[in-house]
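A.B. asks: Attaching a predicted model along with its sequence, questions to come.
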Amino acid sequence: MSPTSYHCSTPHCKTNAYFCAVQFQAAFISVLGKPNAGKSTLINALLGDSLMITNRKAQTTRYRTKGILSTAHYQLIFSDTPGFLEPNNLLQKGMLNEINASFVDADLFYLLADLSDPEPLDFLEKQQIDVPWKKSILVLNKMDLIDQELLEEKIEYLLTQVKPRSFVPISASHKFNLETLLKQSLELAPVHPPYYPEEEVSDRNVRFFIEEIIRNHILTLYQEEIPYGVHVQIERYLTGKKLDKIYVHILSERDSQKKILIGKGGEKIKKLGTKSRVEIEQFIEKRVFLDLSVKILPKWREKESFLKKQGFRFEKK
């Protein structure tokens, strides 16, 4: 890529002429993969922050969320997407639509392959995905879980299935070889002014991340279907000088789920509230009063009007 200088009217250029004097690069990167491949862990590692929720349970990510990495020379906007799955309800169809939306503005793609998975890229054929190979990097995650000989065999096997521009073995959890991944990403990133102010780290607001913190603790504290049958929604957020008061509804589909969420004598929901409050206070760097209440909304995962209000998109019938 040849050096390029430009002048623009973005806020960066008005406040910092350095952005206009050098070859600045900016790119939208869509991170694609199966559930539990490590997409959120990878983005957190690249950002150097625990922005995206991570959990060992599958289908942790429901929404497409952007994480923004800004430096003096480049800005990379990573789209964390839900894992590919066969949808069993309207919510999961909405999650697939979140993935499809990430193709619209992407300058390049990470195909994230979990090396411990026998077929980490079979979602490409199952979902009939037309990947632009010239803009794709095959990211081979969890290389720390496989020995060198098997690693070479696995790479050779996967490269018979896909034709990426390049490939990079990494360990997202150990932050290994991420500099190589960033270097190869910048080889594909276009010359462009930054899309976001340098202090922004995501396109989502504080309320969204608070809801995600609570939902992540539900994933950890409750078993089987419970975490997948609930939706977390802030009803009121009152800010104060020393204390914020946050009132949250946890929506469940059935009375039996509600009883499990609350627990005997309210023990379970108290534990959920305590763990969530501690992490929220760390996140917003302020004391918090957190009120959790469980409400029943039957079959909310099949209610299109409700899901649209939560930000999911569906094709017009």
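C.D. replies: Alright, I've got the coordinates. In this text, all values refer to a predicted model and were calculated from it rather than measured experimentally. Numbers count the residues shown, from 1 in each chain.
A.B. asks: Give me the outermost residue of this structure relative to its centroid.
C.D. replies: What lies farthest from the middle of the chain is residue 265; by C-alpha atoms, centre = their mean that is 35.0 Å.
A.B. asks: Ramachandran angles for that one?
C.D. replies: Main-chain torsions, residue 265, degrees, to the nearest 10: phi 70, psi 20.
A.B. asks: Which secondary structure state is assigned to residue 52?
C.D. replies: With DSSP: H, G, I helix; E, B strand; the rest coil as the basis, residue 52 sits in coil.
A.B. asks: Report how many residues lie close to the residue lying closest to it once chain neighbours are set aside.
C.D. replies: Of all residues not flanking residue 52 in the chain, residue 40 sits nearest, at 3.8 Å (C-beta to C-beta, 6 or more residues apart in numbering). All C-beta atoms are positioned from the backbone trio N, CA, C, and that covers glycine. By other C-beta atoms under 10 Å, the residues close to residue 40 number 25.
A.B. asks: and the gap between residue 40 and residue 114?
C.D. replies: 13 Å (C-beta to C-beta, to the nearest Å).
A.B. asks: quick one on the thing from earlier: by contact count, what packs against the helix or strand harbouring the residue nearest to residue 52?
C.D. replies: Taking DSSP states H and E as the definition, residue 40 sits inside helix 39-47. Applying 3 or more C-beta pairs under 8 Å, 6 or more residues apart in numbering; DSSP states H and E, one finds that helix 39-47 makes contact with strand 25-33, strand 65-70, strand 74-80, strand 108-114, helix 178-188.
A.B. asks: relative to helix 178-188, how tilted is the second one?
C.D. replies: If you take axes from the mean of the first three to the mean of the last three C-alpha atoms, to 10 degrees, strand 65-70 sits at 90 degrees to helix 178-188.
A.B. asks: Please state the offset of strand 65-70 from the chain centre?
C.D. replies: Computed by C-alpha atoms, centre = their mean, to the nearest Å, the chain-centroid distance of strand 65-70 equals 10 Å.
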